[in-house]
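Peer 1: sequence unknown, structure follows:
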Ligand code: KG4
Ligand code: ZN
């Protein structure tokens, strides 16, 4: 069985993992920079790059030792090449190149978004094989994170087999969670806090009125989240005094309800338009309980099979990069030492930011 060391440093997590070709996670180390960026309410690119540089070597060593292997035992080194912050990506790419050169192993470039979409195939602690639970291609993948929000049709694990059906025209949904939490004084990252507070509020009681994004075009698979953020910003900045905890909880409930309903409606629409009955959700926002619940209900109603990876596979990690690496290694898709980071995904985009479908 092939064994791949994966390295991830595209944003604010420094991560390394060892995964075998059947998706079994042998080790999965994630060092988060949340505390570093929290005072700024968002990721500061320069600080991210410097911190990756500081911890990348110990993180890789820990991943190898937890897996009980030496660098010589792995068959390849996979690294997130794109998309992401260029300085952050550079640290992982250079580290992977150095290790691959020193150990004379193949170097494999992975697109972070492909990694997220394939994270559903990771097997932790005795998880069954994908085919035993009916998981396989094709599937409709909703990828929702701090940097990306899109729906894909996945016909196979290669980038050429993954087609964007629709994406956000403006903010990613995780970015909206983070910015709204910042406006409400809830700290960073916003997703987990809003997830926790929303069930304590009542959406219908919220004093802010939030319109359904892209309501006019019911057949569109594109999203827009910046309007929700602006409505809440106007409401907060126009308020005469500070909001009570109950008012804040109501706003969280209202925003989360409308955001998750939009994501579910469009994903189900995509599945029906594409005639695909498997649905996968992944990315940090896929940790959201209301999203999981609503998607579960809608998929059951229509007889679709829903696959949601555990939290640690949804948020940024290197296990998904290592797994995507095993797939590329099997296909003979390896990179040269001239590998350089790229800020954009290799997946073809159909949605143009701020414009809509081409
Ligand atoms: O996938 P991820 O770890 O990193 C990116 O590639 O962006 O996603 C991070 C995003 C953040 O915006 C965070 O607020 C959001 O995922 N997030 C959540 C939850 N947990 C994390 N959003 C909503 N509900 C959650 N429970
Ligand atoms: Zn991510």
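Peer 2: Okay, I see it. What you see is a predicted model, and the numbers here were worked out from it, not measured in a lab. Ligands and ions are numbered 1, 2, ... in the order given.

Peer 1: do you know how far the residue nearest the centre of the chain is from ligand 1?
Peer 2: Nearest to the geometric centre of the chain sits residue 283, at 2.5 Å (C-alpha atoms, centre = their mean). Separation of residue 283 from ligand 1 (C-beta to the nearest ligand atom, to the nearest Å): 4 Å. Yep, even glycine has a C-beta here, placed from its N, CA and C like the rest.

Peer 1: my guess is residue 209 contacts residue 232. True?
Peer 2: No: the criterion here is C-beta atoms under 8 Å, and residue 209 misses it with residue 232 at 10.4 Å.

Peer 1: higher neighbour count, these two?
Peer 2: The residue with more neighbours, out of residue 209 and residue 232, is residue 232; 22 against 8, by other C-beta atoms under 10 Å.

Peer 1: contact partners for the residue nearest to the centre of the chain?
Peer 2: Contact partners of residue 283, counting by C-beta atoms under 8 Å, 6 or more residues apart in numbering, are 116, 143, 144, 145, 148, 149, 174, 314, 315.

Peer 1: from residue 258, how far out is the residue of the stretch 201-350 of the chain found nearest ligand 1?
Peer 2: Closest residue of the stretch 201-350 of the chain to ligand 1, C-beta to the nearest ligand atom: residue 284 (2.1 Å). As defined by C-beta to C-beta, to the nearest Å, residue 284 lies at a distance of 19 Å from residue 258.

Peer 1: do the same with residue 209
Peer 2: 11 Å.

Peer 1: list the helices and strands the strand or helix carrying residue 228 packs on?
Peer 2: In this assignment (DSSP states H and E), residue 228 forms part of helix 226-238. Helix 226-238 makes packing contacts with helix 173-183, helix 245-274 when contacts are defined by 3 or more C-beta pairs under 8 Å, 6 or more residues apart in numbering; DSSP states H and E.

Peer 1: show me where the chain has its helices.
Peer 2: 34-37, 45-67, 86-103, 112-118, 173-183, 190-197, 226-238, 245-274, 289-302, 311-314, 319-330 (DSSP state H).

Peer 1: could you give the average pLDDT over the last one?
Peer 2: Computed over helix 319-330, the mean pLDDT rounds to 98.

Peer 1: what does the stretch 151-300 of the chain put close to ligand 1?
Peer 2: Among all residues of the stretch 151-300 of the chain, those adjacent to ligand 1 (criterion: C-beta under 6 Å from any ligand atom) are 174, 177-178, 189-192, 195, 283-285, 287-288.

Peer 1: what would those look like in a markdown table with pLDDT?
Peer 2: What follows is these, written out as a markdown table (pLDDT from 0 to 100):
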| residue | pLDDT |
| --- | --- |
| 174 | 96 |
| 177 | 97 |
| 178 | 94 |
| 189 | 89 |
| 190 | 94 |
| 191 | 97 |
| 192 | 97 |
| 195 | 98 |
| 283 | 97 |
| 284 | 96 |
| 285 | 98 |
| 287 | 97 |
| 288 | 98 |
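
Peer 1: quick one: pLDDT of the residue in the stretch 101-250 of the chain that ligand 2 sits nearest to?
Peer 2: Scanning the stretch 101-250 of the chain for the residue nearest ligand 2 gives residue 145, at 4.3 Å (criterion: C-beta to the ion). Per-residue confidence (pLDDT) for residue 145: 95.

Peer 1: the spatially closest residue to residue 197 that is not a sequence neighbour and ligand 2, how far apart?
Peer 2: Leaving aside its chain neighbours, residue 197 sits nearest to residue 252 (4.4 Å; criterion: C-beta to C-beta, 6 or more residues apart in numbering). From residue 252 over to ligand 2 the distance is 23 Å, taken as C-beta to the ion, to the nearest Å.

Peer 1: sketch out the low-pLDDT regions of this protein for me.
Peer 2: 354-358 (pLDDT under 70).

Peer 1: ligand 2 contacts on that one?
Peer 2: Taking C-beta under 5 Å from the ion as the criterion, the chain approaches ligand 2 at residues 145, 316.

Peer 1: for the residue lying farthest from the centre of the chain, phi and psi?
Peer 2: Most distant residue from the mean C-alpha position of the chain: residue 240, 37.2 Å away (C-alpha atoms, centre = their mean). Note on residue 240: its backbone torsions stand at phi -70, psi -30 [degrees, to the nearest 10].

Peer 1: how many residues are close by whichever residue of the stretch 51-200 of the chain sits closest to ligand 1?
Peer 2: Closest to ligand 1 within the stretch 51-200 of the chain is residue 191: 2.1 Å, counting by C-beta to the nearest ligand atom. Look at residue 191: counted by other C-beta under 10 Å, it has 25 neighbours.

Peer 1: thank you, goodbye.
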